[in-house]
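# below: sequence and its predicted model.
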Amino acid sequence: MVLNAEITEKSFGSKVLMSNIRLNVDDGEKIGVIGRNGIGKSTLFGLLTGADKDFSGEIIYRRGAVLASTQQEYSDVGEQNVLEFILNDLPEYSQLHHLITELPLTMGDDLAQIEKYSDALERFQQKNFHFIEEKIIGELANFSLAGFESKKMNQLSGGQKRLADTIKIIYSQADLALVDEPTNFMDYAAKDRFLDWMKSTKGAVLVITHDRDVLKQVDKIIELRDGETVAFSGNYDAYLKQNAFSTTNKMSDYESIQRRIVNLRQKTREYQRMKERARDPGTIQRFKRLENNARAELSQLEGVKKPTFWIDKEHVENLDYKAAKSYEKFKARNVKISVDNSTEKSRRSLVRSEKLALGYGELVDTIEGKNGAKMLFENLNFDLKVGGIIELHGRNGAGKSSLIKAILHPDSPASPSIYNGEIQIDPNVVIGEYTQEITPEFFKTSLKAAVEKVYLDQNLEISETKLRQILHQYLFNEGDFDLPIARLSGGQKARFQLIKMLSSDPNLLILDEPTSHLDLPSIEELESALKKYSGAVFFVSHDEYFRQAMKKTDKDYRVVEIGER
């Protein structure tokens with residue numbers, strides 16, 4: 001066993017976030033960590049890495065175990081370039097490299113120093129560090145970071161920093177790797193590489209993720225639920241089956257408790273009436289004792305918090321009538337995504353392109369041909385009609401986001417240039433956009449004010465009542481309303497983006513990796529809403545489960561390939 005953790009309490013002020021966390025990780029075990037957004041998954045990793053020591057409990061690692069983890073913040077990367085960032089954080093690399101580089105310059109005939117150098121050199125070879133720089137530089141291409149080895153980390157986007165951090169994990173040779181949401185910014189090639197590493201590495205991997213492609217490859221799933229950990233053996237498919245079974249049993253137990261509470265309340269009233277009517281002291285004492293016992297049990301049962309009940313829709317359909325009725329009554333709140341599901345008979349084109357060539361910079365005719373510009377792609381053709389779906393497929397950097405910019409903001413200086421062909425957009429189209437990054441104009445604005453701004457900027461009516469209703473519909477509570485957008489969690493930001501996208505009742509949705517920061521129930525709700533949606537969908541996603549869900553709709557589904565596969 002490489003890790004044994006028991007956390008009896010982790011609090012923020014008066015709020016208890018965790019109270020019964022038990023986590024055991026065996027050598028080489030691959031474990032997925034899941035849970036609703038805001039439940040404390042990243043907080044748990046902070047405890048496990050030692051970054052947060054403010055808790056009650058015990059965390060024990062096997063003696064000598066090497067631990068590697070992705071960072072939660074990248075504010076301290078300084079002036080390091082990408083290669084230095086990866087190498088400097090590899091366990092033992094910096095120390096060994098320093099010894100074998102510096103000792104030959106100073107050791108002379110000192111036998112102790114010579115032995116120290118020899119030991120360091122042997123260990124360096126054991127760790128296969130001799131050609132590590134070349135390997136990492138080659139690896140960068142798998143993560144769409146080719147040529148980035150000398151680029152400063154502080155010049156990278158948040159997603160690129162996470163990719164560089166993941167490469168560091170891959171080369172850490174750790175006994176236990178803690179990886180937080182690694183695939184959010186990966187394309188299909190990078191994800192395949194990550195999954196190949198995760199399956200083949202001899203070390204254990206603990207990965208926070210709601211990426212079902214990753215969860216399908218794990219040995220065990222740990223779910224954080226109601227401040228506790230619940231373990232499920234097997235991968236994602238096994239989890240869904242076990243979760244449906246255990247949740248059904250827990251619902252039955254909870255329903256029994258609720259029936260007992262009703263019964264005890266009735267009994268306490270009856271005992272109280274009988275006590276008041278009685279004249280015999282012995283009888284009075286007997287009913288008083290029965291009333292006190294009933295009240296004590298009632299108080300204990302009323303203190304039982306309602307557990308979080310969630311079962312995926314496929315398994316809900318297989319519940320018997322009684323269990324299905326109980327689930328409908330007790331199921332956990334989820335985001336409620338409302339989309340236009342009216343039927344439009346028209347099959348008009350909303351967005352189409354013909355022989356489109358897109359890039360940045362100005363094309364200049366020279367003897368050698370067209371120079372002075374970076375061509376992203378050319379000869380791109382598509383026609384997205386009402387009720388249709390287009391999946392935009394390609395590697396990071398191929399031009400997917402640039403095409404979306406050209407559609408959404410054709411006149412913006414930041415948008416790419418059209419070198420050939422054209423993009424035709426229906427004048428009556430109403431576009432709802434979901435992106436991974438929130439525009440900076442919202443960063444310092446409170447959540448409530450930001451949602452209000454979204455509506456007012458589009459000249460849409462928004463009352464105080466409607467504003468609160470929308471926020472509650474997307475699982476925000478009163479304590480979230482005044483938080484600046486920049487301080488929201490990844491999942492909360494994703495829910496804000498959904499509100500923003502759907503605010504104008506669009507007939508065309510443009511989605512850029514929509515499942516990346518959502519938890520499993522929210523992803524399921526999004527997929528269900530899109531299946532009912534009557535408008536057109538233009539999306540980018542490297543979530544294979546999401547792609548298959550979109551293919552199974554009754555819509556006209558097409559894949560538009562950008563760049564080389």
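Sure, I can see it.

# what about residue 451, neighbour count?
For residue 451, the count of nearby residues is 26 (other CB atoms under 10 Å). Yep, even glycine has a C-beta here, placed from its N, CA and C like the rest.

# ok, it touching residue 498?
No: using CB atoms under 8 Å, residue 451 makes no contact with residue 498, being 11.0 Å away.

# any idea how far residue 232 lies from residue 62?
Using CB to CB, to the nearest Å, residue 232 is found at 24 Å from residue 62.

# sorry, wrong one. I was asking about residue 285.
For residue 285 relative to residue 62 (CB to CB), the value is 60 Å.

# one more: residue 171?
Counting by CB to CB, the separation of residue 171 from residue 62 is 21 Å.

# before we move on, back to that, more neighbours, residue 232 and residue 62?
residue 232 (20 against 14).

# pretty sure the more buried one sits in a strand.
Yes: according to DSSP: H, G, I helix; E, B strand; the rest coil, residue 232 belongs to a strand.

# pretty sure it contacts residue 240?
No: at 9.1 Å, residue 232 does not count as touching residue 240 under the criterion of CB under 8 Å.

# ranges for the strands of the stretch 51-200 of the chain?
Assigned by DSSP state E, counting those that start in this stretch, the strands in the stretch 51-200 of the chain fall at 56-61, 67-69, 176-180.

# now, of those, which is deepest in the fold?
Among the strands of the stretch 51-200 of the chain, strand 176-180 has the highest mean neighbour count (mean count of other CB atoms under 10 Å), at a mean of 24.

# now render the strands of the stretch 51-200 of the chain as a markdown table, adding mean pLDDT.
Listed next are the strands of the stretch 51-200 of the chain as a markdown table, based on pLDDT from 0 to 100:
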| stretch | mean pLDDT |
| --- | --- |
| strand 56-61 | 95 |
| strand 67-69 | 95 |
| strand 176-180 | 96 |
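
# can you say which of these is nearest to residue 268?
Residue 268 sits nearest to strand 56-61 of all the strands of the stretch 51-200 of the chain, at 36.2 Å, using CB to CB.

# quick one: strands adjacent to that closest one?
Using DSSP bridges, strand 56-61 pairs in its sheet with strand 3-12 (antiparallel).

# what's next to the strand it pairs with, contact-wise?
The contact list for strand 3-12 (CB atoms under 8 Å, 6 or more residues apart in numbering) reads 16-25, 40, 43-44, 47-48, 54-62, 65, 176, 204, 206.

# stretch 391-408 too?
Contacts of stretch 391-408 (CB under 8 Å, 6+ apart): 144, 185-190, 351, 358, 360, 376-377, 380, 412, 414-416, 418, 423, 425, 431, 433, 510, 512, 538-541, 547, 550, 557-564.

# try 7 Å this time
Applying CB atoms under 7 Å, 6 or more residues apart in numbering, the external contacts of stretch 391-408 come out as 144, 187, 189, 351, 358, 376-377, 414-416, 418, 423, 425, 431, 433, 510, 512, 538-540, 547, 550, 559-563.

# next one: stretch 246-257
Stretch 246-257 has contacts (CB under 7 Å, 6+ apart) with 301, 304, 306, 307, 309, 310, 311, 319, 323, 326, 327, 330.

# top of the residues you listed by number of neighbours, please.
Within the contacts of stretch 246-257, most neighbours by other CB under 10 Å means residue 311, with 24 neighbours.

# the residue nearest to that one when sequence neighbours are not counted sits in which helix or strand?
Spatially, and ignoring its direct neighbours in sequence, residue 311 is nearest to residue 244 (4.8 Å; CB to CB, 6 or more residues apart in numbering). Here residue 244 sits within helix 236-277, counting by DSSP states H and E.

# beyond that helix, next helix or strand please.
Next element after helix 236-277 (DSSP H and E): helix 281-302.

# other SSEs contacting that next one?
Under the contact criterion of 3 or more CB pairs under 7 Å, 6 or more residues apart in numbering; DSSP states H and E, helix 281-302 touches helix 236-277.

# got the angle for the helix it packs on vs helix 281-302?
160 degrees (axes from the mean of the first three to the mean of the last three CA atoms, to 10 degrees).

# contact partners for the nearest residue to residue 117 once chain neighbours are set aside?
Sequence neighbours aside, residue 103 is the residue nearest to residue 117 in space, at 4.2 Å (criterion: CB to CB, 6+ apart). Residue 103 makes contact with 113, 116, 117 under the criterion CB under 7 Å, 6+ apart.

# what's the ChimeraX line that selects buried ones from those?
For the buried members of the contacts of residue 103, the matching ChimeraX selection, counting by 16 or more other CB atoms under 10 Å, is:
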select :117
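
# circling back to that earlier point, out of the strands of the stretch 51-200 of the chain, which comes closest to residue 463?
strand 176-180 (38.9 Å).

# ok, and what's touching the closest one?
Contacts of strand 176-180 (CB under 7 Å, 6+ apart): 2-3, 25, 42, 45, 48-49, 65, 67-70, 72, 166, 169, 203-208.

# buried subset of these?
For these, buried by 16+ other CB under 10 Å: 2-3, 25, 45, 48-49, 65, 67-70, 166, 169, 203-208.

# which of these fall within helices?
In helices, defined here by DSSP state H, the members of these are 45, 48, 49, 166, 169.

# how much space between the first one and residue 327?
Which is residue 45. 31 Å.

# what about stretch 310-328, how long is it end to end?
End-to-end distance for stretch 310-328, by CA to CA, to the nearest Å: 10 Å.

# then stretch 544-558?
End to end - CA to CA - stretch 544-558 spans 15 Å.

# buried ones in that stretch?
In stretch 544-558, counting by 16+ other CB under 10 Å, buried: 545, 546, 547, 549, 550, 553, 555.

# same check, this time on stretch 391-399
391, 392, 393, 394, 395, 396, 398, 399.

# show me what contacts the closest residue to the fourth one other than its chain neighbours?
Nearest residue to residue 394, sequence neighbours excluded (CB to CB, 6+ apart): residue 562, at 3.6 Å. Contact partners of residue 562, counting by CB under 7 Å, 6+ apart, are 377, 380, 392, 393, 394, 398, 399, 400.

# ok, which of the strands of the stretch 51-200 of the chain comes nearest residue 31?
Closest to residue 31 of these, according to CB to CB: strand 176-180, at 9.9 Å.

# and the angle from that closest one to strand 56-61?
Using the same axes, to 10 degrees: strand 176-180 against strand 56-61 is 120 degrees.

# now the helices for the stretch 401-550 of the chain?
Here the stretch 401-550 of the chain has its helices, by DSSP state H, counting those that start in this stretch, at 447-457, 464-473, 490-502, 520-532, 544-551.

# could you dump those into a markdown table with distance to residue 96 and mean pLDDT added?
Compiled in a markdown table, the helices of the stretch 401-550 of the chain are given as follows (distance: least, CB to CB, whole Å; pLDDT from 0 to 100):
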| stretch | distance to residue 96 | mean pLDDT |
| --- | --- | --- |
| helix 447-457 | 48 | 95 |
| helix 464-473 | 53 | 95 |
| helix 490-502 | 36 | 93 |
| helix 520-532 | 42 | 94 |
| helix 544-551 | 40 | 94 |
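
# of those helices, which is nearest residue 157?
helix 490-502 (14.7 Å).

# any stretches of the protein with poor pLDDT?
For the chain, applying pLDDT under 70 flags the ranges 343-346, 363-372, 564-565.

# what's the closest of the contacts of stretch 246-257 to residue 494?
Among the contacts of stretch 246-257, and counting by CB to CB, the member closest to residue 494 is residue 310, at 17.8 Å.

# what distance do you get for residue 375 to residue 420?
Distance from residue 375 to residue 420, by CB to CB: 10 Å.

# what sits in contact with each of these two?
Taking CB under 7 Å, 6+ apart as the contact rule, the neighbours common to residue 375 and residue 420 are residue 357.

# tell me how far residue 459 lies from residue 522.
29 Å.

# check residue 89 too.
Counting by CB to CB, the gap from residue 89 to residue 522 is 33 Å.
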